[in-house]
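Trainee: I'd like to go over a predicted model; first the sequence, then the structure.
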Amino acid sequence: MSLAEIRVVTTTVGHDEPFARTTATCASCRRQTTTLTWGLPPANAKCAYCSRVVEPSDDAEVVDTDRFHRHCWMRLTSAESVRAAKALSRRSQDLIRRSRELMGLSPLEETSSEG
């Protein structure tokens, strides 16, 4: 069979139950690919963040084997960015304080409250 013939067969079979076309991560190149699976379609998959069903009409993100609603994914990644920024700010202030101590300078006044 040629690659073109295989594509025609998998496209045709992918629309018939119990087969379903889904996305998966390629084991060798780690890219998202379309795959043919046996069983229930991914419409029954739940969001890894909120545990609600990810409908076929929903904007979704797939990371490895986890599915996320797009808004859940954005919330998760932005929360991580905020945590990282706060940690870097604390580390920066600590390094400045230590440097001033080593140089024999007085500490800077606190200009912002941490919370």
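Mentor: Alright, I've got the coordinates. Numbering: from 1, shown residues only.
Trainee: pairing partners for the worst-scoring helix or strand of the chain on mean pLDDT, with directions?
Mentor: Every helix and strand in the chain was compared by mean pLDDT, DSSP states H and E; the lowest is strand 19-25, with a mean of 71. Sheet pairing for strand 19-25, assigned by DSSP bridges, gives strand 32-38 (antiparallel).
Trainee: list of residues touching the next helix or strand after the partner strand?
Mentor: On the C-terminal side of strand 32-38, the nearest following helix or strand under DSSP states H and E is strand 60-63. The contact list for strand 60-63 (Cβ atoms under 8 Å, 6 or more residues apart in numbering) reads Thr23, Gln32, Val54, Arg67, Phe68, His69, Arg70, Trp73. All C-beta atoms are positioned from the backbone trio N, CA, C, and that covers glycine.
Trainee: make TSV out of the residues you listed and add distance to Cys47 and neighbour count.
Mentor: What follows is these, written out as TSV (distance: Cβ to Cβ, whole Å; neighbours: other Cβ atoms under 10 Å):
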residue	distance to Cys47	neighbour count
Thr23	15	13
Gln32	17	13
Val54	5	23
Arg67	6	21
Phe68	5	23
His69	5	21
Arg70	10	13
Trp73	9	20
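Trainee: hang on, the earlier thing: in CSV, list the C-alpha atoms belonging to the least confident helix or strand of the chain.
Mentor: The C-alpha coordinates for strand 19-25 follow below in CSV (Å, rounded to 0.1, in the frame of the first residue of the first chain):
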residue,chain,number,x,y,z
PHE,A,19,-12.9,4.2,15.5
ALA,A,20,-12.2,7.9,16.4
ARG,A,21,-9.7,10.4,15.1
THR,A,22,-7.8,12.0,18.0
THR,A,23,-4.6,13.8,18.7
ALA,A,24,-1.6,12.3,20.4
THR,A,25,2.1,13.1,20.9
